[in-house]
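Asker: When you get a sec, could you give me coordinates for this:
(chains A, B and C)
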Amino acid sequence: MLFTETLNQNANFQRLYRSGAFCSLGSALIYVKPNGLPCNRLGITAGKKIGNAVRRNRAKRIIRAAYSAAELKLPIGLDIVVVARSTLPDQNANILTEAFCTRGVKHCCGVSSGEIPCTQNQKRKPGGKKSAEKQA
RNA sequence: UGAGCAGACUGUGCAGCCGCGGCAGCGAUUUCAGCUGACGAGGAAAGUCCGGGCAUCGCAGAGCAGGGUAACUGCUAACCGCAGCCGGGGGUGACCCCAGGGCAAGUGCAACAGAGAUGAGACUGCAUUGCAUCCGCACGUUUUCAUGAAGGAUGCAGUGUAACGGUGGAAAGGCGGGGUAAGAGCCCACCAGAGGAUACGAGAGUAUCCUGCUGUGUAAACCCUACCCGAUGCAACGCUGAUUGGUGUAUCAGGUCAUAACGUCUGCUCGGCGGAUCUGAUGCAAAGGCGGCUUGAGCGUUCCGGCGACAGAACGCCUAGAUAAAUGGCUGCACCCGUUCCGCUCCCUUCCGGGCGGCGGACAGGACAGAACCCGGCUUACAGGUCUGGUCACAUC
RNA sequence: GGCGCGAUAGCCAAGUGGUAAGGCAAUGGUCUGCAACACCGUGAUCACCAGUUCAAAUCUGGUUCGCGCCU
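Answerer: Next comes the predicted model:
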């Protein structure tokens, strides 16, 4: 991985779930947000819903293979978290790779150039919702 | 040929393209990045159910408490493990299963039902004695009445008994005969258990004889007997280490209390050690990094001892060490499989159709499951396949 | 990775071998002109599979699921 480090702290994952711009790739979801660093950071989530350790490891390998295929096309300076869904280990890896190279790359370029905004998810913060109503 | 038993092994293979992990080498060098090479998941890596190594803590010990194991002999570093053997149970058999010490040391519990539930009880009964009533009526006294009398019935009270009946998981050995007023191991034969003696065996135990001793079940109830166990776990532990708060801890200073309390040594007691507590100051610990981290009760072959588990000797080999966590992704071919589909062919059948028949092709599928300090076991999950040795049934010779 | 705890009606739960308490909710009935309140009823494979026992929610072993701790 040329310009990529691993994202391994729980706080960073929570930050992306809360305020990242997400996009569906069929059997996976991606959350993207700019990080201000001269490199990309990649995090992978394969939860207990997917299955046992063999299925989780296969999901992570497929995601990493898809990312490395699309890496040269991505802009630099992003945090990316990929969440696997339970149908991912049953599929052929080419399906996800193709989706990542087209829709995922488009989404990341949009976030990097500012066309897709990284909004706060207000459903998880009732306080923010109230203040917005007061302003209205 | 079919069914079934036990043991051992294996657990898809090959090629191409693209990748990953640490290691070694090359080149470069402050690093990063690069190239080459060999290596890179399992029989259960799983569950974390046992046992050990290793590490730290404590060490002034003793007793109690607590936990574990349970026929016997061995193997092992150790074991709730394994091997052999004994006893019991299951199967026609190969063979399989068993928490398999002691309720006959003591205590507890045994609902409901039942007469009675622990060495208990007297319901229905059986037998007998006394009293009362009635039946019976030879004979004696007698006008009648009444009284006595072989025997029988009913009721009440007492005595003996526990066979029979029903309840229950269990009713104080079982069954048969004798015996008795009726009964009872009261006596006898056989059987079951217990105790004792002798013989054999390393032992559990087995065989024979004697003794009338017969005192339910439950110890995966408390408990007793024998043996074993310090606690915590690699997030242990050692070195290094940025920022700030609480916390813990060490030292120093000051205040308060006082010989009893408190803290600590495993839970308690004795005992040992520390006076205790509050405030302030200073230092240390925790993120991360490095070590621990893979040469080990190691593996393979041969020989030898042992029924076997296992032990010994010689020679050879080095075989994963990740940390948001590598050991893969895709494609093609081969292999295996199919109450799928198509085609050809064979058999049965008049036809419809049928065949746990064969061949070829297409399609779908190929299990359970991923090292995390390391070993020895156990348990659980698992598509299939191979080999070896027994057993039963049928047929043929 | 290591250590520990739990599972009982839709929900909260008691239950130390002998008929599975109780509360809320649901539902049927009585009361009322109709409701509410009140009263009387109704409901459990004790997570699952074996074993010990005459008898297991309880005791023992295994499996599944859930939860906590290692600042």
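Asker: Low-confidence stretches in chain A?
Answerer: Filtered on pLDDT under 70, chain A yields the residue ranges A:1-3, A:8-11, A:118-136.
Asker: Name the residues of it found near RNA strand B, please.
Answerer: Counting by C-beta under 7 Å from any atom of the strand, chain A comes close to RNA strand B at A:1, A:6-10, A:13, A:43-45, A:52-54, A:57-58, A:60-62, A:64-65, A:68, A:92-94. In short, each C-beta sits where N, CA and C put it, glycine included.
Asker: chain center to stretch A:45-59, what's the gap?
Answerer: Distance, stretch centre to chain centre, for stretch A:45-59: 17 Å (C-alpha atoms, centre = their mean, to the nearest Å).
Asker: Flag every buried residue along that stretch.
Answerer: The neighbour-count check on stretch A:45-59 (16 or more other C-beta atoms under 10 Å) flags A:Thr45, A:Ala46, A:Ile50, A:Gly51, A:Arg55, A:Arg56, A:Arg58, A:Ala59 as buried.
Asker: got the contact list for the second one?
Answerer: Contacts for A:Ala46 were tallied using C-beta atoms under 8 Å, 6 or more residues apart in numbering; they are A:Arg56, A:Asn57, A:Ala59, A:Lys60, A:Ile63, A:Ala84.
Asker: What of the first one?
Answerer: A:Thr45 makes contact with A:Phe13, A:Val81, A:Val82, A:Val83, A:Ala84 under the criterion C-beta under 8 Å, 6+ apart.
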